[in-house]
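Peer 1: fold the stuff below for me.
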Amino acid sequence: MPRKKAEHHDEAGLRPAGIGHNGGPSLLDDLKVLTLREWAALNTLSFETAKGLIAKGLGPRIVQLSARRVGVRVIDNRIWQESRLRA
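Peer 2: So this is what the prediction gives:
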């Protein structure tokens, strides 16, 4: 019996890893909304520092999910990170 070729999967293990239309990052990945705690952890910030940046208008664009809940889209985090690069 021939051996099966090993498949590499994304972190969630849901689809084969690839590039572009071959199973790589999609628009849906960019539109995923992170909680503020997830966003802080992703950027190695404390939760308090993350809240402070957003309160001062220095963080990424925020998505108002409900009257009391906000989040950060992955694409907005990426744009915010790019804006913070130094030469």
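Peer 1: C-alpha from now on. contacts and neighbour counts both.
Peer 2: OK.
Peer 1: what ranges in this structure fall below the confidence cut-off?
Peer 2: 1-25 (pLDDT under 70).
Peer 1: so which residue is dead centre in it?
Peer 2: Centroid-nearest residue in the chain: Val74, 3.4 Å away (criterion: Cα atoms, centre = their mean).
Peer 1: how many neighbours does Gly52 have?
Peer 2: Here the number of neighbours of Gly52 (other Cα atoms under 10 Å) works out to 13.
Peer 1: next secondary structure after the strand or helix carrying it?
Peer 2: For Gly52, the element it lies in under DSSP states H and E is helix 47-55. Using DSSP H and E, the helix or strand that follows helix 47-55 towards the C-terminus is strand 63-64.
Peer 1: identify all contacting residues around the next helix or strand after that next one.
Peer 2: Using DSSP H and E, the helix or strand that follows strand 63-64 in sequence is strand 70-73. Contacts of strand 70-73 with the rest of the structure, by Cα atoms under 8 Å, 6 or more residues apart in numbering, involve 30-36, 39, 60-65.
Peer 1: using JSON lines, lay out the residues you listed together with distance to Ala87.
Peer 2: Shown next, in JSON lines, are the contacts of strand 70-73 (distance: Cα to Cα, whole Å):
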{"residue": "Asp30", "distance to Ala87": "26"}
{"residue": "Leu31", "distance to Ala87": "28"}
{"residue": "Lys32", "distance to Ala87": "29"}
{"residue": "Val33", "distance to Ala87": "29"}
{"residue": "Leu34", "distance to Ala87": "28"}
{"residue": "Thr35", "distance to Ala87": "30"}
{"residue": "Leu36", "distance to Ala87": "28"}
{"residue": "Trp39", "distance to Ala87": "24"}
{"residue": "Pro60", "distance to Ala87": "20"}
{"residue": "Arg61", "distance to Ala87": "23"}
{"residue": "Ile62", "distance to Ala87": "26"}
{"residue": "Val63", "distance to Ala87": "29"}
{"residue": "Gln64", "distance to Ala87": "33"}
{"residue": "Leu65", "distance to Ala87": "35"}
